[in-house]
Each structure stands twice: as structure tokens, then as C-alpha cells.
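In: sequence and predicted structure, then a few things I'm wondering about:
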Amino acid sequence: MSKTAAANEGKIFTDLEKLSKKSKNEVADFITFLKVKEELKATKEILNDKDFLQSIMKGDEDFKSGHFKKWSEVKENV
């Protein structure tokens with residue numbers, strides 16, 4: 001983390017301590033919103049990559065049909 005980012009993070013926590021409980025709850029809600037927004041963006045990127053999505057779907061089909069190796073078998077050869 002850069003010094004600027006660390007300083008900004010420190011200021012955020014200092015300012016957060018000064019807020020009322022109601023405002024802290026609003027901050028927590030907004031952070032949750034931002035987290036979900038970023039997760040949805042990543043999901044959309046995956047879904048828009050047709051080759052990657054097709055690969056995931058094929059892996060899911062392979063798993064459902066029993067075409068997989070147990071981790072205990074794989075790690076023996078690693």
C-alpha cells in the first residue's frame with residue numbers, strides 16, 4: 001500500500017470514529033453496496049467472456065457427470 005493510500009485510510013478511520021452510530025451504520029451500508037457493486041462488475045465481466053463462460057459450463061457438466069479426480073489423487077503426483 002502506498003503512503004498516500006495508507007494516509008487516506010487512516011483519515012477514513014479517524015473520521016469514522018467521530019460519527020454518530022446512525023452515520024456509522026449508513027457508512028457500513030454504503031460499503032456493503034460498493035462491495036456488491038464490485039462483485040457484480042466482476043460477474044458481468046465473466047459472463048461477457050463467452051469462451052470463459054463456456055469453459056466454466058463445461059467444467060460444471062464434467063463434474064456433474066463424474067469426470068473429475070479427487071484432490072487426494074492429484075496431490076500425490078504434485
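Out: Received it, and whenever you're ready, just let me know what you need.
In: for Thr32, see how far away the residue positioned nearest the centre of the chain is.
Out: When the chain is reduced to its mean C-alpha position, the nearest residue by CA atoms, centre = their mean turns out to be Glu39, at 5.4 Å. As for Glu39, its distance to Thr32 is 11 Å (criterion: CB to CB, to the nearest Å). Just so you know, the C-beta spots here come from the backbone N, C-alpha and C atoms, and that holds for glycine as well.
In: one more: Val74?
Out: 37 Å.
In: for the longest helix anywhere in the chain, name the packing helices and strands.
Out: The longest helix of the chain (DSSP state H) is helix 21-48. Helices and strands in packing contact with helix 21-48 are listed as helix 50-64; criterion 3 or more CB pairs under 8 Å, 6 or more residues apart in numbering; DSSP states H and E.
In: residues contacting the helix it packs on, please?
Out: Contact with helix 50-64 is made by 46-47, 68, as judged by CB atoms under 8 Å, 6 or more residues apart in numbering.
In: export the residues you listed to JSON lines and tack on pLDDT, distance to Asn8 and neighbour count?
Out: Converted to JSON lines, the contacts of helix 50-64 look like this (pLDDT from 0 to 100; distance: CB to CB, whole Å; neighbours: other CB atoms under 10 Å):
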{"residue": "Ile46", "pLDDT": "85", "distance to Asn8": "30", "neighbour count": "11"}
{"residue": "Leu47", "pLDDT": "84", "distance to Asn8": "33", "neighbour count": "11"}
{"residue": "Phe68", "pLDDT": "87", "distance to Asn8": "45", "neighbour count": "12"}
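In: tabulate those (JSON lines), appending distance to Lys24.
Out: Below are those laid out as JSON lines (distance: CB to CB, whole Å):
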{"residue": "Ile46", "distance to Lys24": "33"}
{"residue": "Leu47", "distance to Lys24": "35"}
{"residue": "Phe68", "distance to Lys24": "46"}
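In: could you list the low-pLDDT ranges of the chain?
Out: For the chain, not a single residue meets the criterion pLDDT under 70.
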